[in-house]
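>>> Prediction below, plus the sequence it came from.
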Amino acid sequence: MCGGHGSSTGTGMAFSRVRKPDPRRAVLMLGFLLTFLFLLLHMFSHQCTITGGTTASSGRAERGLREPQLWGYGAARRSSRVLAEESVRRPAVEEDEAPVLPPPGMGVPRRLSPRFAGKVSPLGEGSKKLPQAIIIGVKKGGTRALLEFLRVHPDIRAVGAEPHFFDRNYDNGLDWYRELMPKTLEGQITMEKTPSYFVTREAPARISAMSRDTKLIVVVRDPVTRAISDYTQTLSKKPDIPSFESLTFKNRTTGLIDTSWSAIQIGIYAKHLDNWLQYFPMEQILFVSGERLISDPAGELGRVQDFLGLKRIITDKHFYFNQTKGFPCLKKAEGSSKPHCLGKTKGRTHPNIHPEVVQRLRDFYRPFNMKFYQMTGRFFGWDD
Ligand SMILES: Nc1ncnc2c1ncn2[C@@H]1O[C@H](COP(=O)(O)OS(=O)(=O)O)[C@@H](OP(=O)(O)O)[C@H]1O
């Protein structure tokens, strides 16, 4: 535009006009100035749109929608802000239900949240290792109690929250998984618990690929009580769900049980165990009675310590029965001198289920339970 104007007027002409005050030239200059200012303003407003775009994408993340992953300091700060904001909006996270995991590729923060922190030696020595023993199930069996009790042992280090690596987070890779673990010294055992592994089809192959020597622990509980406990947990979060009775039956009149309902499905232990036996020998799996873990915690803990090849350090002396809670509690929690019972999400009051429905479920589970006793060589006494 400028060049075009110069060539049409001619250099000499232009020069002579500079000397004379020319109102047209003044208007032109003003036009230039205004165009320049306009361009400047436009660039500035474009810059603002980009910043606004970032905010919008955070909003997307907050609403749980997918957004391209941007790693680095800004992204890390943004995701921690998102988590903080979400935790304000969400009701308190229920124990064992929604562990806050670091996103893949970002590594694990040096200071882990207490939910993830295992016991760390005061000097921070040792190294992080993949777990040599895993509590793989069952949901609502008493897995949290077992892990909390085991953590009292000086030779056990366990991650607090459920990593869900072999079901939900497998794509994050073994390095990510290892990073979640607490540091251990020579001779100490690294552990984790994720009860959903027991019913995850891919879990046995995946754990075996990590190490064929992994020791597996399953806390089992009467499948009928377990189903009611599972339902009670869901009910506590979604009070509007249908009744236990209506979810149990495909057809109430014929009494046909809906085995596709996870609360029922999980309790068919023999079927799930079959899947594990394709990859692990029976000697590598220990079954803990969820009922005896309540009535005789030291006895069950003795079996677990033997299975893990550890000295029997956790004994009767470590437990007391808390009348208010109605469950055994630790006289001294790990790393503390105070008594410790599990939180209020453990040991909930179950709704009353019609005795006829309970009986129908007992009949349904009986053959599977028999098979399970046979497979494990232990009689759990659920069918008396
Ligand atoms: N010592 C002690 N204190 C409190 N609760 C105990 C204890 N030992 C076993 N239990 C039983 O554990 C049941 C919860 O099982 P899980 O920890 O495996 O549940 S979860 O799958 O991790 O959500 C929980 O089930 P509900 O009673 O249905 O809440 C308890 O019955």
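On my side now, so go ahead.
>>> Looks to me like residue 361 is in a helix.
Yes. Checked against DSSP: H, G, I helix; E, B strand; the rest coil, residue 361 lies within a helix.
>>> Could you check how far it is from residue 234?
To residue 234, residue 361 is 17 Å away according to CB to CB, to the nearest Å. All C-beta spots, glycine's among them, are computed from the backbone N, C-alpha and C.
>>> of the two, who's got more company?
Neighbours per residue (other CB atoms under 10 Å) separate residue 361 from residue 234, with residue 361 holding more: 22 against 14.
>>> host element of residue 347?
For residue 347, there is no helix or strand it lies in under DSSP states H and E.
>>> From residue 321, how far out is the nearest residue to it once chain neighbours are set aside?
Spatial nearest neighbour of residue 347, chain neighbours left out: residue 327 (5.2 Å); criterion: CB to CB, 6 or more residues apart in numbering. Separation of residue 327 from residue 321 (CB to CB) stands at 8 Å.
>>> Those two: which is more packed in?
For residue 327 and residue 321, the more surrounded residue by other CB under 10 Å is residue 327, and the numbers stand at 18 against 12.
>>> Specify the beta-bridge partners of that one.
Beta-bridge pairing for residue 327 (DSSP bridges): residue 322.
>>> so what's it scoring on pLDDT?
For residue 327, the pLDDT comes out at 98.
>>> how about the residues of the stretch 1-150 of the chain that lie near the ligand?
Applying CB under 6 Å from any ligand atom, we find that the stretch 1-150 of the chain lies next to the ligand at 96, 139, 140, 141, 142, 143, 144, 145.
>>> List the buried residues of whichever strand or helix holds residue 304.
For residue 304, the host element (DSSP H and E) is helix 297-307. Going by neighbour count (16 or more other CB atoms under 10 Å), the buried part of helix 297-307 is 297, 300, 301, 303, 304, 305, 307.
>>> what do you get for stretch 185-201?
Under 16+ other CB under 10 Å, the buried positions of stretch 185-201 are 188-200.
>>> what's the farthest-apart pair in these?
Greatest spatial distance among the buried residues of stretch 185-201 (CB to CB): 188 and 199, at 29.4 Å.
>>> What are the boundaries of the strands in this protein?
Ranges of strands in the chain, per DSSP state E, are 127-128, 133-137, 156-158, 183-184, 189-193, 215-220, 249-251, 256-257, 285-289, 319-322, 327-330.
>>> Contact partners for residue 270?
368, 369, 371, 372, 375 (CB atoms under 8 Å, 6 or more residues apart in numbering).
>>> Check the residues you listed for burial and list the buried ones.
If we count by 16+ other CB under 10 Å, the contacts of residue 270 have these buried: 369, 371, 372, 375.
>>> how much space between the second one and residue 206?
Okay, so that is residue 371. Going from residue 371 to residue 206 by CB to CB gives 25 Å.
>>> One more: the third one?
Distance from residue 372 to residue 206, counting by CB to CB: 23 Å.
>>> what comes up buried for stretch 255-262?
257, 261.
>>> Over to stretch 152-165?
For stretch 152-165, by 16+ other CB under 10 Å, it's 152-153, 155-165.
>>> do stretch 377-384 as well
380, 382.
>>> Can I get it as CSV, trimmed to CA atoms?
Listed next in CSV are the C-alpha coordinates belonging to stretch 377-384 (Å, rounded to 0.1, in the frame of the first residue of the first chain):
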residue,chain,number,x,y,z
GLY,A,377,-9.2,-77.4,50.7
ARG,A,378,-10.7,-75.1,53.3
PHE,A,379,-14.3,-75.2,54.7
PHE,A,380,-15.5,-71.7,55.3
GLY,A,381,-18.9,-72.7,56.8
TRP,A,382,-21.2,-70.4,54.9
ASP,A,383,-23.8,-73.1,54.3
ASP,A,384,-24.7,-74.2,57.8
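>>> Would you mind listing the outside residues contacting it?
Outside stretch 377-384, the residues within contact range by CB under 8 Å, 6+ apart are 220, 222-224, 287, 289, 291, 362, 365-366, 369-370, 372-373.
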